[in-house]
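A.B. asks: Here's a sequence, model it:
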Amino acid sequence: MAAGLSGCAGISQKFADSASQMPGIGLPSTAPERPSLPPAFPAVHDVPPPRNSVVLTNFEQQKLEDDLVAARDQQQSAVGVRLQPKKKDQQPQQQKQKQKQKQKQKQKQKQKQKQKQKQKQKITPVSSSRSIY
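C.D. replies: Numbers count the residues shown, from 1 in each chain. Below you'll find the predicted structure:
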């Protein structure tokens, strides 16, 4: 049975080769030729080796950030773009955010007081002969 199947495989390959040359069935004449060797599959399961680098210290990280900020400032000044504020200049922004948070807290407190006042008001039920409770 294996010999019979292997014979069919040879015939099917021959048929595929000849059928691909037939007009209307195979590839157009302008199609590029197939490569003689099939392309290799990508190495999906290969994991890269672990990194041998160490984590930057706080001093190294700060120096790197300062270098990046200096490079950014140099490029922006060369192009004519206004420089971005530095961390020290951002303190007023943080103060503004704190003030906004305080205002929100005050508003919440006012809302709570209003709710308490509404709860303190007594509601007297009114009934009539037409209402159903």
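A.B. asks: quick one: low-confidence parts of this protein?
C.D. replies: Along the chain, segments meeting pLDDT under 70 span 1-12, 19-21, 23, 26, 86-93, 121-133.
A.B. asks: Show me the helices in it, by range?
C.D. replies: Ranges of helices in the chain, per DSSP state H, are 2-19, 58-79, 91-120.
A.B. asks: Tell me which of these lies nearest to P39.
C.D. replies: Closest to P39 of the helices of the chain is helix 2-19 (Cβ to Cβ; 18.9 Å). (Glycine included, C-beta is placed from N, CA and C.)
A.B. asks: sorry, back to before: now tabulate the helices of the chain in CSV and tack on mean neighbour count and distance to P50.
C.D. replies: Below are the helices of the chain laid out as CSV (neighbours: other Cβ atoms under 10 Å; distance: least, Cβ to Cβ, whole Å):
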stretch, mean neighbour count, distance to P50
helix 2-19, 10, 45
helix 58-79, 11, 21
helix 91-120, 10, 40
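A.B. asks: Distance to A43 for these - can I get that in TSV?
C.D. replies: Below are the helices of the chain laid out as TSV (distance: least, Cβ to Cβ, whole Å):
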stretch	distance to A43
helix 2-19	29
helix 58-79	33
helix 91-120	49
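A.B. asks: Which among these is found nearest to P85?
C.D. replies: Of all the helices of the chain, it is helix 91-120 that lies closest to P85, at 8.1 Å by Cβ to Cβ.
A.B. asks: can you count the residues close to L83?
C.D. replies: 12 (other Cβ atoms under 10 Å).
A.B. asks: Correct me if wrong: it contacts Q76.
C.D. replies: Yes - with contact defined as Cβ atoms under 8 Å, L83 and Q76 form a contacting pair (5.6 Å).
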